[in-house]
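*Asks:* Have a look; sequence and predicted model below, questions after that.
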Amino acid sequence: AQRVTQPEKLLSVFKGAPVELKCNYSYSGSPELFWYVQYSRQRLQLLLRHISRESIKGFTADLNKGETSFHLKKPFAQEEDSAMYYCAPSGQGGSEKLVFGKGTKLTVNP
Amino acid sequence: KAGVTQTPRYLIKTRGQQVTLSCSPISGHRSVSWYQQTPGQGLQFLFEYFSETQRNKGNFPGRFSGRQFSNSRSEMNVSTLELGDSALYLCASSSEINQPQHFGDGTRLSIL
């Protein structure tokens, strides 16, 4: 069965500190992996996808196929990074179905 | 380009009624997916449509149904509403397989 685990429901860091949001997945085949973010009063939006290997807003995510993890990292957190973050694999069997983790609420304190 | 548009934004219904929610995808997007978001269960997949065909369905009862029209617009219907159906229903569209999904603001459904 497809499963995504984001072990931290809440994560609080101070501005300028490094942040890592964990994501482990159990998924057959080779899924496409995404991180989505939802800022307060905004719609859910794509933050980054693993195949693009981009750094968006200073965030990066490394896919570790051995550990089936796709942790999101940022070396220096900013207050505007406070949001809800969702890890989501997609694409099994040609489907675009996203299987979302329960999400991690990140709070960056001044 | 206009984003994904969902109507209505808010709905209040009573138990036993039925409801239809609408989603207009981004122009040119042929894939539409629906998700239910609740505080307890988080985001759960409902259905996925591509070129008017349902490609995938989540683990929801048959009271939940959907369809997609030739212009890619989609509707979902929930019949015999239950209190537990209260949720934010999100629609997302994408252009092709494995392309990022773009979400609408959602329809907040409250069942009294």
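*Replies:* Done, it's in. Numbering: from 1, shown residues only, chains lettered A, B, ... in the order given.

*Asks:* Show me what counts as buried in the helix or strand harbouring residue B:67.
*Replies:* Following DSSP states H and E, one finds residue B:67 within strand B:64-68. By 16 or more other Cβ atoms under 10 Å in any protein chain shown, the buried positions in strand B:64-68 come out as B:64-66, B:68. Quick note: C-beta positions are derived from backbone N, CA and C, even for glycine.

*Asks:* just stretch B:39-48 next, same as before
*Replies:* Buried residues in stretch B:39-48, counting neighbours by 16+ other Cβ under 10 Å, are found at B:42-48.

*Asks:* ok, residues contacting that stretch?
*Replies:* A:86, A:95-103, B:31-38, B:54-60, B:64, B:66, B:76, B:89-90 (Cβ atoms under 8 Å, 6 or more residues apart in numbering or on different chains).

*Asks:* Who's the closest spatial neighbour of the residue most central in space within chain B, skipping the chain neighbours?
*Replies:* Residue closest to the average C-alpha location in chain B (Cα atoms, centre = their mean): residue B:34, at 3.5 Å. Counting by Cβ to Cβ, 6 or more residues apart in numbering or on different chains, residue B:46 is the residue found nearest to residue B:34 once chain neighbours are left out, at 4.1 Å.

*Asks:* what pLDDT, on average, does the helix or strand hosting the one you found get?
*Replies:* For residue B:46, the element it lies in under DSSP H and E is strand B:42-50. Computed over strand B:42-50, the mean pLDDT rounds to 92.

*Asks:* ok, that strand: who's next to it in the sheet?
*Replies:* Strand pairing for strand B:42-50, using DSSP bridges, gives strand B:31-38 (antiparallel), strand B:53-57 (antiparallel).

*Asks:* and among these, the most buried is which?
*Replies:* strand B:31-38 (a mean of 23; mean count of other Cβ atoms under 10 Å in any protein chain shown).

*Asks:* and residue A:107, what does it touch?
*Replies:* Listed by Cβ under 8 Å, 6+ apart, the contact set of residue A:107 reads A:10-13, A:82.

*Asks:* ok, now with 10 Å
*Replies:* Residue A:107 sits next to A:10-14, A:77, A:79, A:81-83 when contact means Cβ atoms under 10 Å, 6 or more residues apart in numbering or on different chains.
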